[in-house]
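Sequence below, structure please.
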Amino acid sequence: MFFKVTGRDRTSGARTGMIATDSGTIRTPVFMPVGTAGSVKGISRHELESRIRADIILANTYHLYLRPGMETISGAGGLHKFIGWERPLLTDSGGYQVFSLSENRKLKEEGAVFKSHIDGSTHIFTPENVIDIQRTIGADIIMAFDECTPWPCEYKYALHSMDLTHRWLKRGWERYRETDPLYGKHQFLFPIVQGSVYKDLRIRSAEFISSFEAAGNAIGGLSVGEPAELMYEMVQEVNRILPESAPRYLMGVGTPANLLECIALGTDMFDCVMPTRNGRNGNLFTLEGIINIKNLKWKNDFSPVDPLGTTSTGTQYSRAYLRHLIVSGEMLGSVIASMHNLEFYIWLMNRAREEIESGSFNTWKNSVMPGLIRKL
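Numbers count the residues shown, from 1 in each chain. Below is the predicted model of the structure:
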């Protein structure tokens, strides 16, 4: 993978760049819609390509491993062919999903033994077989197996977890180096920085991860309940250490405001289920503020969902009509809301790149931030 920084903001750490993969080019900063099981909920491939214009989407190793299973994905020739997506793909290692199953998993040096949330069957993820599974899936960017610590957690636990993640990385990295892609496209492994919200642990982890000189690096274990300011502090410390020559991926983040603040700290890649999950629940992101479309105040509001025109979906439907669909339980309502939110996130990234390249990102960020956090 070739990463090139193409622009920098004069008053912050924000930067633009290009990531070249065999499946296409990714412009950064980038938001990656989450297609956990190979599908972004409620959004067709055509809409992702033509309306939302996503450069890359994310899928999840844990869910794909359990269903449809590796035999099916291998038989299709990899996930790209299975879902008909020709642009870049990233797969999370499944670590977050496994460790969220606190009642149904057991952590060992070898790996994580867990029970399927589907049928209760027992499985094990190791640093090695997670690489093998992601080879079978065939994503362009794959992640090392790690433990995602909860918040809050004690220092002793965070230290133990970080050390385990580092030992697992050594094993996963070796498996990655001794195996080859299965479908003729390069795959690039990103290590993951851990350390909870402890500054010294984050610094140690970032230094250890940097020593692998990977094509890109990820920051995990944040946006798990801690205050946003604490998250920003950790991101800032880590980004001071992670190499400038590789993209920095903040996993599972976040709100539009979170994204802009972390872009200002030098972060390049993001993913989050928030646009689609919140959309299904009737929450819409706009530059004017966050709309809970279920509120009675929108019942007879026939203005567009997005009167500022940042999204094509938001200009096509009125707030009154979308409210009617959502409160009536019509699935079209969830589709429209999800589409608008994803379009808005991608629009925000596109606009951020423009502002960075013109050197005015920080000024623009500060001007739009009040609207991004306001509740209408």
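
all contacts plus neighbour counts: C-alpha atoms, from now on.
Fine.

where does the stretch 1-150 of the chain dip in pLDDT?
Along the stretch 1-150 of the chain, the model assigns pLDDT under 70 to residues 1, 102.

hey, where'd the strands end up in it?
2-8, 15-21, 24-28, 30-32, 57-60, 89-92, 105-107, 112-115, 122-125, 141-143 (DSSP state E, counting those that start in this stretch).

can you list the ones you listed in JSON lines and add mean neighbour count and distance to residue 247?
Listed next are the strands of the stretch 1-150 of the chain as JSON lines, based on neighbours: other C-alpha atoms under 10 Å; distance: least, C-alpha to C-alpha, whole Å:
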{"stretch": "strand 2-8", "mean neighbour count": "17", "distance to residue 247": "7"}
{"stretch": "strand 15-21", "mean neighbour count": "20", "distance to residue 247": "8"}
{"stretch": "strand 24-28", "mean neighbour count": "20", "distance to residue 247": "8"}
{"stretch": "strand 30-32", "mean neighbour count": "26", "distance to residue 247": "10"}
{"stretch": "strand 57-60", "mean neighbour count": "24", "distance to residue 247": "16"}
{"stretch": "strand 89-92", "mean neighbour count": "25", "distance to residue 247": "13"}
{"stretch": "strand 105-107", "mean neighbour count": "16", "distance to residue 247": "30"}
{"stretch": "strand 112-115", "mean neighbour count": "19", "distance to residue 247": "28"}
{"stretch": "strand 122-125", "mean neighbour count": "16", "distance to residue 247": "26"}
{"stretch": "strand 141-143", "mean neighbour count": "25", "distance to residue 247": "12"}
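
Can I get those in JSON lines including distance to residue 306?
Listed next are the strands of the stretch 1-150 of the chain as JSON lines, based on distance: least, C-alpha to C-alpha, whole Å:
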{"stretch": "strand 2-8", "distance to residue 306": "30"}
{"stretch": "strand 15-21", "distance to residue 306": "27"}
{"stretch": "strand 24-28", "distance to residue 306": "25"}
{"stretch": "strand 30-32", "distance to residue 306": "20"}
{"stretch": "strand 57-60", "distance to residue 306": "24"}
{"stretch": "strand 89-92", "distance to residue 306": "29"}
{"stretch": "strand 105-107", "distance to residue 306": "44"}
{"stretch": "strand 112-115", "distance to residue 306": "43"}
{"stretch": "strand 122-125", "distance to residue 306": "44"}
{"stretch": "strand 141-143", "distance to residue 306": "34"}
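
out of these, nearest to residue 156?
strand 105-107 (16.1 Å; C-alpha to C-alpha).

Let me see the contact set for the nearest residue to residue 250 once chain neighbours are set aside.
Spatially, and ignoring its direct neighbours in sequence, residue 250 is nearest to residue 219 (4.9 Å; C-alpha to C-alpha, 6 or more residues apart in numbering). Residue 219 makes contacts with 192, 193, 194, 235, 238, 248, 249, 250, 251, as judged by C-alpha atoms under 8 Å, 6 or more residues apart in numbering.

separation between the first one and residue 23?
Here residue 192 is placed at a distance of 23 Å from residue 23 (C-alpha to C-alpha, to the nearest Å).

where does the closest residue in space to residue 48 that isn't next to it in sequence fall, phi/psi-wise?
The shortest distance from residue 48 to any non-neighbouring residue, by C-alpha to C-alpha, 6+ apart, is to residue 54 (5.9 Å). Geometry field for residue 54 lists phi and psi as phi -80, psi 130, criterion degrees, to the nearest 10.

centre of the chain versus the helix or strand that contains residue 177, how much separation?
Per DSSP states H and E, residue 177 falls inside helix 155-178. Distance of helix 155-178 from the chain centroid (C-alpha atoms, centre = their mean, to the nearest Å) equals 21 Å.

Could I get the average pLDDT for that helix?
Helix 155-178 shows a mean pLDDT of 98.

Just the residues contacting it, thanks.
Under the contact criterion C-alpha under 8 Å, 6+ apart, helix 155-178 has outside partners 109, 126-128, 130-131, 144-147, 149, 189, 191, 194-196, 198, 201, 205, 208.

Report how many residues lie close to residue 307.
15 (other C-alpha atoms under 10 Å).

What of residue 38?
By other C-alpha under 10 Å, the residues close to residue 38 number 23.

gap between the closest residue to it other than its chain neighbours and residue 271?
In this structure, residue 38 finds its nearest non-sequential neighbour in residue 59, 5.6 Å apart by C-alpha to C-alpha, 6+ apart. Relative to residue 271, residue 59 is positioned 10 Å away (C-alpha to C-alpha).

what touches both of those two?
Residues touching both residue 59 and residue 271 (C-alpha under 8 Å, 6+ apart) are residue 34.

ok, back up a step: residue 192 and residue 23: which is more packed in?
residue 192 (29 against 18).

give me every residue that touches the more buried one.
By C-alpha under 8 Å, 6+ apart, the contact list for residue 192 reads 143, 144, 146, 209, 217, 218, 219, 220.

and residue 189, what helix or strand is that in?
Using DSSP H and E, the element containing residue 189 is strand 188-190.

Following that strand in sequence, what is the next regular element?
Sequence order places strand 192-193 as the next helix or strand after strand 188-190, per DSSP H and E.

just to revisit the earlier point, now which of the contacts of helix 155-178 would you call buried?
By neighbour count, with 16 or more other C-alpha atoms under 10 Å, these hold 126-128, 130-131, 144-147, 149, 189, 191, 194-196, 198, 201, 205, 208 as buried.

So which of these belong to helices?
Mapping the buried ones among the contacts of helix 155-178 onto helices (DSSP state H) picks out 127, 128, 130, 131, 201, 205, 208.

Kindly reformat those as JSON lines containing distance to residue 96.
Output for those, formatted as JSON lines (distance: C-alpha to C-alpha, whole Å):
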{"residue": "127", "distance to residue 96": "14"}
{"residue": "128", "distance to residue 96": "17"}
{"residue": "130", "distance to residue 96": "13"}
{"residue": "131", "distance to residue 96": "15"}
{"residue": "201", "distance to residue 96": "19"}
{"residue": "205", "distance to residue 96": "18"}
{"residue": "208", "distance to residue 96": "21"}
